[in-house]
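K.L.:
okay, here's the prediction I keep looking at, along with the sequence it came from:
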Amino acid sequence: NPPKDDKDDKDDNTTVPVNADHFLTVGGNWVTPVANAGQPVSIVLPIVNMGKTNVTKAVVTPVLSTDTATWPFEITQSGYSQTIEDLPGTDTGMSDMDRRRELTWNLQTRSDVGNGYQKISFNVRYFASDGSSQTTTLDTYIQTSGTAGVSADGKASTPRVIVTGFETNPEVVHAGDSFMLTLHLKNTSKSSRVGNMLFELEAPTEGSDEQTTAPAFLPSSGSNSIYLDGIAANGTADISIDLNAKADLVQKPYSINVSMKYEDANASQIEASSSISIPVKQDARFEFSEFEITPESIAIGEEANVSCNLYNLGRIKLYNAKAIFEGEDIKKNETFLGNLEPGSSTSIDVMLEGIQATQGDGQVKMTLSYEDEAGTVSTTEQTFNFTVTEAT
């Protein structure tokens with residue numbers, strides 16, 4: 001049914017707070033729209049500023065959801081926000097009807113809506129007369145017409161099983177390690193149970209040659225199939241499998257395709273598929289050459305050259321690497337190494353100045369710090385002995 005304007009000067013009898021500078025409300029002079037299953041419908045939101053002062057740049061955004069009970073329309077575009085340039089206040093002397101502004105959304109009703117009334121919420125962000133940014137939520141209602149599980153043409157809808165999320169144990173998957181993958185499933189049909197379910201997981205093939213080519217993830221049991229007896233209507237279930245990540249995987253996310261075969265209440269065969277993406281971490285692996293110290297002993301105030309080579313033996317790039325030298329007998333010094341590609345090396349070369357005579361073993365600590373692709377900083381330490389004598 002198309003909305004009808006009752007032509008009243010006032011939208012409703014909403015109570016306005018005393019001395020309110022701004023108070024947005026939904027006008028009450030539009031007939032509740034009827035959203036028929038599978039059919040288009042127009043949702044009109046009349047907004048009135050019942051406060052005293054003017055409101056500008058009001059951005060109105062409906063609250064979307066993949067749950068039909070919250071948002072009974074198909075999500076066919078990336079954004080649904082609309083903007084109202086101004087909402088005059090009561091100080092203008094205009095009637096409620098003249099101050100009203102209307103927004104319209106042309107939507108497609110989902111085929112699995114039920115019968116009844118449903119609340120639709122809209123988030124509003126606007127600027128008050130003093131320039132401050134304010135937010136509020138406005139609600140309106142629609143009437144839905146259809147039977148859950150039955151489409152607009154009266155035929156039973158196909159029950160859909162979707163992957164709503166996943167977990168890995170341990171949470172961070174490292175190349176070469178084993179982990180348990182748990183998939184969270186949901187039967188979106190509100191009327192039909194699904195059963196006799198078979199899931200097959202397929203990982204991408206990785207490797208630079210025939211000898212090393214293999215799936216990125218291999219099941220520990222040797223089988224990538226999982227069987228599940230069934231999921232109740234609008235119900236959820238979990239399935240799990242033990243996997244091993246290939247040792248030579250590059251650090252990046254890897255997708256796993258999940259193919260599903262199951263039966264509905266009438267034993268009709270249904271096939272579906274989904275995919276998930278699992279990030280794999282590679283541990284940094286590197287070595288240092290022996291430290292070369294020239295001269296091996298210095299007096300207070302003198303300097304010695306300390307150098308060694310750093311070899312990146314891992315499969316990840318080291319970012320923003322730097323070496324910091326610290327000790328009781330030397331002045332702290334650091335050198336910036338930059339980025340180090342896998343399979344490459346760089347030289348660490350610094351001059352260390354003696355500041356006091358060595359009393360003990362004269363140990364100096366070198367701390368290597370670096371970042372991974374995500375910007376996470378890691379450190380490792382190396383030590384060597386260095387002697388400082390009294391000045392002559």
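P.N.:
Thanks, I have it.
K.L.:
mind checking which helix or strand of the protein has the lowest mean pLDDT?
P.N.:
strand 205-206 (a mean of 81; mean pLDDT, DSSP states H and E).
K.L.:
quick one: low-confidence ranges for the protein?
P.N.:
1-22, 29, 147-157, 207-212 (pLDDT under 70).
K.L.:
quick one: the helices in it?
P.N.:
With helices called from DSSP state H, the chain shows them at 96-99.
K.L.:
picking that back up, okay, now the sheet partners of the least confident helix or strand of the chain, with direction.
P.N.:
Strand pairing for strand 205-206, determined by DSSP bridges: strand 214-215 (antiparallel).
K.L.:
got the contact list for the least confident helix or strand of the chain?
P.N.:
Thr213, Ala214, Pro215, Ala216, Lys246, Asp248, Leu249, Tyr254 (Cβ atoms under 8 Å, 6 or more residues apart in numbering). All C-beta spots, glycine's among them, are computed from the backbone N, C-alpha and C.
K.L.:
now a PyMOL select for only the buried ones of those residues.
P.N.:
Written as a PyMOL command, the selection of buried residues from these, which uses 16 or more other Cβ atoms under 10 Å, is:
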select buried, resi 215+216+246+249+254
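K.L.:
and of the contacts of strand 205-206, the nearest to Cys308?
P.N.:
Asp248 (27.8 Å; Cβ to Cβ).
K.L.:
among the contacts of strand 205-206, which are in strands?
P.N.:
The subset of these located in strands under the criterion DSSP state E comprises Ala214, Pro215, Tyr254.
K.L.:
export those residues as a markdown table, with columns for distance to Glu202.
P.N.:
Formatted as a markdown table, the ones in strands among the contacts of strand 205-206 follow (distance: Cβ to Cβ, whole Å):
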| residue | distance to Glu202 |
| --- | --- |
| Ala214 | 13 |
| Pro215 | 8 |
| Tyr254 | 11 |
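K.L.:
closest one of those residues to Leu87?
P.N.:
Tyr254 (50.3 Å).
K.L.:
who are the neighbours in contact with that closest one?
P.N.:
Per Cβ under 8 Å, 6+ apart, neighbours of Tyr254: Ala203, Pro204, Glu206, Ala216, Phe217, Ser277, Ile278, Pro279, Val280.
K.L.:
which of those has the most neighbours?
P.N.:
In terms of neighbours by other Cβ atoms under 10 Å, the contacts of Tyr254 top out with Phe217 at 25 neighbours.
K.L.:
Ala272 versus that one, what's the distance?
P.N.:
21 Å (Cβ to Cβ, to the nearest Å).
K.L.:
any chance of the contacts of Tyr254 in CSV, with distance to Glu328 too?
P.N.:
Output for the contacts of Tyr254, formatted as CSV (distance: Cβ to Cβ, whole Å):
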residue, distance to Glu328
Ala203, 53
Pro204, 53
Glu206, 49
Ala216, 49
Phe217, 50
Ser277, 50
Ile278, 47
Pro279, 42
Val280, 42
